[in-house]
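Asks: using only what follows, build the 3D model:
(3 chains)
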Amino acid sequence: MGAREGGFAVTYRSLQRATTLDRVCSMRTHTTYRIFETARRQEIIDITDDVEACRAEADITEGMILVSAMHISASVFVNDHEPGLWQDIQQWLEERIAPWSPDDYRHNRGTGEDNAAAHLRSLTLGHEVIVPVTAGRLDLGPWQRIFYGEWDGQRPKRVIFKALGT
Amino acid sequence: MGAREGGFAVTYRSLQRATTLDRVCSMRTHTTYRIFETARRQEIIDITDDVEACRAEADITEGMILVSAMHISASVFVNDHEPGLWQDIQQWLEERIAPWSPDDYRHNRGTGEDNAAAHLRSLTLGHEVIVPVTAGRLDLGPWQRIFYGEWDGQRPKRVIFKALGT
Amino acid sequence: MGAREGGFAVTYRSLQRATTLDRVCSMRTHTTYRIFETARRQEIIDITDDVEACRAEADITEGMILVSAMHISASVFVNDHEPGLWQDIQQWLEERIAPWSPDDYRHNRGTGEDNAAAHLRSLTLGHEVIVPVTAGRLDLGPWQRIFYGEWDGQRPKRVIFKALGT
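Replies: Numbering: from 1, shown residues only, chains lettered A, B, ... in the order given. Below you'll find the predicted structure:
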């Protein structure tokens, strides 16, 4: 039973299983890059298969894969493969989190760009995730998928996939 | 002295200490999972002791531990063990960041669910952290604790703890 | 060509290149800390050179570096070295994401502090990043720089840099 905090009722907490793997002399890294050039300025793309491809090429069965956008107006995140939600995310970013409104930002006035809001969206959702690898597969929950979020596209942009493991 | 940017005054920057450990042939991984079934639909639970338990089981003294929610309506984050703040976080998510308002989201209309806001809260706070391990302990600051944030609970949900180190 | 989702038009997806490095018996960790004491209560500081210094000291050519604030009212993030944007970020945090308004938060009433908003800003931008290292250098995109975001400064605060690689 977990300790209780903040006046909440009892929460069940259980240990499911544990595995230990001591891999002598076989830790390796493997790096791939992919370029995305979206047709729309904002898009959300499922890249889970790209992450698995990196894992397979790296030939690791235990470890982690860093998936990181190499641009400052894009995100990498984990969530649901559900098109309605992807539209919700884009509407939420526009209406509640960081409206595009180019005239509202100093960045746009100083640089001649209009994408300050894309930077703020990248910061809110983050630009990277770490995906665990266990027993030869991406160790994701049943609904977890990995996404590239493009907030200022229509030009080539890179994502790095770096595996570290055994 | 750090370089100054943006018109700010001088900021002091110092190197505190450095350690290097070259561990030949002993890098290992260790993976545990815990299931949380919260009594309330939203809860914040301190899981720092669970992370330390993973570190001890893994028997690593140098490295990192990935702590990652395996569900898309939950978060893992680092902040303060202070119940007032936990209430502030939940009120802030509800009132400012992502109101529950189930009728406002396409995700809810298409899937029969009502938890689109829980997905957006997961995205805002993130679903994972990496905890450094140094000299045989979690290398956290004096006030840092690790939390599981449940945004759509009352059912069993998993968190993965994966240690990588020596 | 990437699979299309959500009714969007076709998006180009290409594999750029891949490298695999199997480093037998040479995985190592290296840890440094830096202390920042900002002159202003809120500041954004470019710490990319500090991260590169950690990489050089660690003498790793392949791997990752964890850069993590050790305080719960600060952030570490990756974005643009552009002073107008830094001002935009601070204004956006104050006006849209988490206003300072000390009377609005339970945390401030219970603890005698006034910095609850700094905690929420830390949660929004995150407190850590993982920087990939490839071929002996930080593997960042052309505009990516690494920043320390201080949301409650004017006192010494630490950041940990932990390299893991070969």
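Asks: okay, CA-based contacts and neighbour counts for the rest of this
Replies: OK.
Asks: and the strands in chain A, which stretches?
Replies: With DSSP state E as the criterion, chain A has strands at A:12-22, A:28-37, A:43-46, A:63-69, A:74-79, A:128-134, A:137-138, A:145-150, A:157-165.
Asks: where does pLDDT dip in chain A?
Replies: Applying pLDDT under 70 to chain A picks out residues A:1-25.
Asks: go again using 80 as the cut-off
Replies: A:1-26 (pLDDT under 80).
Asks: and residue C:107, which of the strands of chain A is closest to it?
Replies: strand A:12-22 (26.7 Å; C-alpha to C-alpha).
Asks: mean neighbour count for the strands of chain A - can I get that in a markdown table?
Replies: Listed next are the strands of chain A as a markdown table, based on neighbours: other C-alpha atoms under 10 Å in any protein chain shown:
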| stretch | mean neighbour count |
| --- | --- |
| strand A:12-22 | 14 |
| strand A:28-37 | 22 |
| strand A:43-46 | 23 |
| strand A:63-69 | 27 |
| strand A:74-79 | 26 |
| strand A:128-134 | 24 |
| strand A:137-138 | 18 |
| strand A:145-150 | 23 |
| strand A:157-165 | 25 |
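Asks: can I get these in TSV including distance to chain C?
Replies: Shown next, in TSV, are the strands of chain A (distance: least, C-alpha to the nearest C-alpha, whole Å):
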stretch	distance to chain C
strand A:12-22	13
strand A:28-37	4
strand A:43-46	7
strand A:63-69	8
strand A:74-79	10
strand A:128-134	8
strand A:137-138	18
strand A:145-150	11
strand A:157-165	7
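Asks: so which of these gets nearest residue B:157?
Replies: strand A:12-22 (9.6 Å).
Asks: quick one on the thing from earlier: can you lay out the strands of chain A as JSON lines showing distance to residue B:134?
Replies: Listed next are these as JSON lines, based on distance: least, C-alpha to C-alpha, whole Å:
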{"stretch": "strand A:12-22", "distance to residue B:134": "19"}
{"stretch": "strand A:28-37", "distance to residue B:134": "22"}
{"stretch": "strand A:43-46", "distance to residue B:134": "36"}
{"stretch": "strand A:63-69", "distance to residue B:134": "19"}
{"stretch": "strand A:74-79", "distance to residue B:134": "28"}
{"stretch": "strand A:128-134", "distance to residue B:134": "20"}
{"stretch": "strand A:137-138", "distance to residue B:134": "27"}
{"stretch": "strand A:145-150", "distance to residue B:134": "30"}
{"stretch": "strand A:157-165", "distance to residue B:134": "19"}
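Asks: how close does residue A:64 sit to chain B?
Replies: 9 Å (C-alpha to the nearest C-alpha, to the nearest Å).
Asks: that residue reaches residue A:137, doesn't it?
Replies: No. Using C-alpha atoms under 8 Å, residue A:64 is not in contact with residue A:137; the gap is 10.4 Å.
Asks: wait, which of the strands of chain A is closest to residue A:106?
Replies: strand A:74-79 (19.5 Å).
Asks: that closest one and chain B in contact?
Replies: Yes. Residues of strand A:74-79 contacting chain B under C-alpha under 8 Å from any C-alpha of the partner chain: A:77, A:78, A:79.
Asks: contact partners for residue A:98?
Replies: Contact analysis of residue A:98 by C-alpha atoms under 8 Å, 6 or more residues apart in numbering or on different chains lists A:117, A:118, A:120, A:121.
Asks: residue A:77 is in contact with the last one, correct?
Replies: No. Contact criterion C-alpha under 8 Å: residue A:121 and residue A:77 do not qualify, at 11.8 Å.
Asks: partners of the nearest residue to residue A:156 once chain neighbours are set aside in the sheet?
Replies: Nearest residue to residue A:156, sequence neighbours excluded (C-alpha to C-alpha, 6 or more residues apart in numbering or on different chains): residue A:37, at 4.5 Å. With DSSP bridges applied, residue A:37 shows beta-bridge pairing to residue C:12.
Asks: does residue A:145 have beta-bridge partners, and which?
Replies: residue A:79.
Asks: do you know how far it is from residue B:128?
Replies: Separation of residue A:145 from residue B:128 (C-alpha to C-alpha, to the nearest Å): 14 Å.
Asks: residue A:149 too?
Replies: Residue A:149 is 18 Å from residue B:128, by C-alpha to C-alpha.
Asks: just the terminal-to-terminal distance for stretch A:32-47.
Replies: In stretch A:32-47, first residue to last residue: 13 Å (C-alpha to C-alpha).
Asks: next, count neighbours for residue A:58.
Replies: Neighbour count of residue A:58, defined by other C-alpha atoms under 10 Å in any protein chain shown: 25.
Asks: over to residue A:112?
Replies: 8.
Asks: one more: residue A:102?
Replies: 15.
Asks: quick check, it in contact with residue A:112.
Replies: No. Residue A:102 is beyond contact range of residue A:112, at 10.3 Å (criterion: C-alpha under 8 Å).
Asks: shared neighbours, those two?
Replies: Counting by C-alpha under 8 Å, 6+ apart, nothing touches both residue A:102 and residue A:112.
Asks: residues contacting the nearest residue in space to residue A:65 that is not next to it in sequence?
Replies: Of all residues not flanking residue A:65 in the chain, residue A:163 sits nearest, at 4.2 Å (C-alpha to C-alpha, 6+ apart). By C-alpha under 8 Å, 6+ apart, residue A:163 lies in contact with A:28, A:29, A:30, A:31, A:54, A:55, A:58, A:60, A:63, A:64, A:65, A:66.
Asks: so the last one sits against residue A:162, correct?
Replies: Yes. With the criterion set as C-alpha under 8 Å, residue A:66 and residue A:162 qualify as a contacting pair; they are 5.1 Å apart.
Asks: shared neighbours of these two, which are they?
Replies: Common neighbours of residue A:66 and residue A:162 (C-alpha under 8 Å, 6+ apart) are residue C:132.
Asks: quick one: the residue nearest to residue A:156 and residue A:151 touch, right?
Replies: No. Using C-alpha under 8 Å, residue A:37 is not in contact with residue A:151; the gap is 11.6 Å.
Asks: any idea how many residues pack against residue A:142?
Replies: Applying other C-alpha under 10 Å, we find 10 residues neighbouring residue A:142.
Asks: oops, could you answer that again for residue A:91 instead?
Replies: Residue A:91 has 14 nearby residues by other C-alpha under 10 Å.
Asks: repeat for residue A:41
Replies: 12.
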